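Participant: Here is a sequence together with a model predicted from it:
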Amino acid sequence: MARFIPRSRCDHAPPRQSGFTLIELLVVIAIIAILIGLLLPAVQKVREAAARMKCSNNVKQLILGMHNYAGVYGHYPPAIKNDARNYGPPNYYYDVYPGWGWGTLVLPYIEQDNLHRQLNPDQVPFGPQVSYGTITATPLTQTALSMFRCPSDPAPDRNPFRLEDTARQLGMSNYRAVCGTDSNGTFYPNEDRNGIMWQNSKVTFAAVTDGTSNTVVIGECFFEEEKTKRKWAAIWAGHTGYYCSPDPAVGCGVRISDNMWHLDNTTAQINGTAPQAFGSRHNGGAFFGFGDGSVRFFRQTADPATIKYLGNRSDGRVINYDF
């Protein structure tokens with residue numbers, strides 16, 4: 001009779017360990033990569049949409065700040081304020097000295113009253129204003145203010161193009177006043193350039209006969225450091241006046257584009273080649289704010305010969321600004 005002899009444990013096959021094979025692992029990695037590739041553009045679109053919304057709101061809040069300023073003073077703020085009486089006997093050429101910018105003047109009306117009080121622009125000259133290009137920056141004038149920054153522009157907090165000396169660089173701004181239409185290429189102090197804001201201007205709402213909803217007040221500008229594509233952006237605190245850059249490609253001049261610029265066939269080309277051209281890092285165009293507080297996005301394909309007339313407050317032209 002046969003006897004049953006049980007098999008020893010060593011006769012059993014070892015249990016199979018669970019896990020991924022190399023092929024399975026590669027398939028999982030490939031699927032994850034595809035999902036990331038699909039999601040990344042969507043995330044970027046959401047991020048840019050949020051940046052555009054914040055930028056548009058900045059422009060609107062700045063113009064509403066101008067309205068509140070006008071409610072106190074009876075007129076829009078000037079793009080640049082530099083009263084020659086602060087520097088000595090009246091002299092025509094003192095007005096190419098530095099001066100406070102419109103950004104400083106609206107600070108109390110955009111929830112920056114403490115900063116405005118410390119700057120004290122009604123009593124303290126900007127700079128100080130003692131000669132050409134003599135700017136002494138302070139921590140206050142170097143303050144990074146989110147209201148003046150477009151989230152889409154990864155520019156530094158201080159503008160290195162306006163004054164190249166690191167110790168004198170001032171707070172960056174992505175918004176510049178539109179002082180009018182066209183230019184003869186020469187700066188004349190206190191010149192009425194037919195816009196709403198220029199140097200020492202005092203334009204009332206009634207003086208905007210084309211209508212505040214048809215006249216541009218401020219537009220976007222951005223910073224580009226690469227010299228062949230250079231864009232200067234702006235500064236919020238003030239106007240650096242007549243200044244000679246150590247860069248021979250820039251040279252000497254009155255830096256009115258610190259705070260304001262006109263619209264012409266070159267600089268009204270959105271994202272155009274001019275270093276002072278209005279433009280942005282947004283896809284396809286830039287935001288502009290009108291005198292009534294409305295904000296519109298101008299596409300970069302828009303005809304500059306049409307856009308520029310929106311900078312004039314009283315030329316009687318009817319412009320279709322659906323760009």
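Facilitator: Nice, I can see it.
Participant: Could you use CA atoms for every contact and neighbour count after this?
Facilitator: OK.
Participant: shaky segments in this structure?
Facilitator: Low-confidence segments of the chain, defined by pLDDT under 70: 1-20, 39-46, 83-95, 128-134, 183-185, 321-323.
Participant: and with 50 instead?
Facilitator: Within the chain, the stretches with pLDDT under 50 are 10, 85-92.
Participant: just so I have it, where are all the helices in it?
Facilitator: Under the criterion DSSP state H, the chain contains helices at 22-73, 102-105, 113-119, 304-307.
Participant: Return the most buried member of these.
Facilitator: Among these, helix 102-105 has the highest mean neighbour count (mean count of other CA atoms under 10 Å), at a mean of 25.
Participant: Now the closest residue to Asp303 other than its chain neighbours: phi and psi?
Facilitator: Computed as CA to CA, 6 or more residues apart in numbering, the closest residue to Asp303 that is not its neighbour in sequence is Gln269, at 7.1 Å. The phi/psi pair for Gln269 (degrees, to the nearest 10) reads phi -70, psi 110.
Participant: Just to check, Gln269 is in contact with Ser280?
Facilitator: No: assessed by CA atoms under 8 Å, Gln269 is found out of contact with Ser280, at 11.7 Å.
Participant: Let me see the contact set for the nearest residue to Gly285 once chain neighbours are set aside.
Facilitator: Closest residue in space to Gly285, ignoring its immediate chain neighbours: Arg299 at 4.1 Å, by CA to CA, 6+ apart. Each residue near Arg299 by CA atoms under 8 Å, 6 or more residues apart in numbering is listed here: Ile270, Gly284, Gly285, Ala286, Phe323.
Participant: Report the contact partners of the first one.
Facilitator: Spelled out, it's Ile270. Here Ile270 is in contact with Ala277, Phe278, Gly279, Gly285, Ala286, Phe298, Arg299, Gln300, Thr301, Ala302, Pro304 (criterion: CA under 8 Å, 6+ apart).
Participant: Leu145: neighbouring residues, count only.
Facilitator: Leu145: 13 surrounding residues under other CA atoms under 10 Å.
Participant: ok, it - contacts?
Facilitator: Contact analysis of Leu145 by CA under 8 Å, 6+ apart lists Gly171.
Participant: For Ala286, see how far away it is.
Facilitator: Distance, Leu145 to Ala286, using CA to CA, to the nearest Å: 20 Å.
Participant: thinking again about what came up before, CSV for the contacts of Ile270, including distance to Gln199?
Facilitator: Converted to CSV, the contacts of Ile270 look like this (distance: CA to CA, whole Å):
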residue, distance to Gln199
Ala277, 19
Phe278, 19
Gly279, 22
Gly285, 27
Ala286, 24
Phe298, 26
Arg299, 29
Gln300, 28
Thr301, 30
Ala302, 28
Pro304, 24
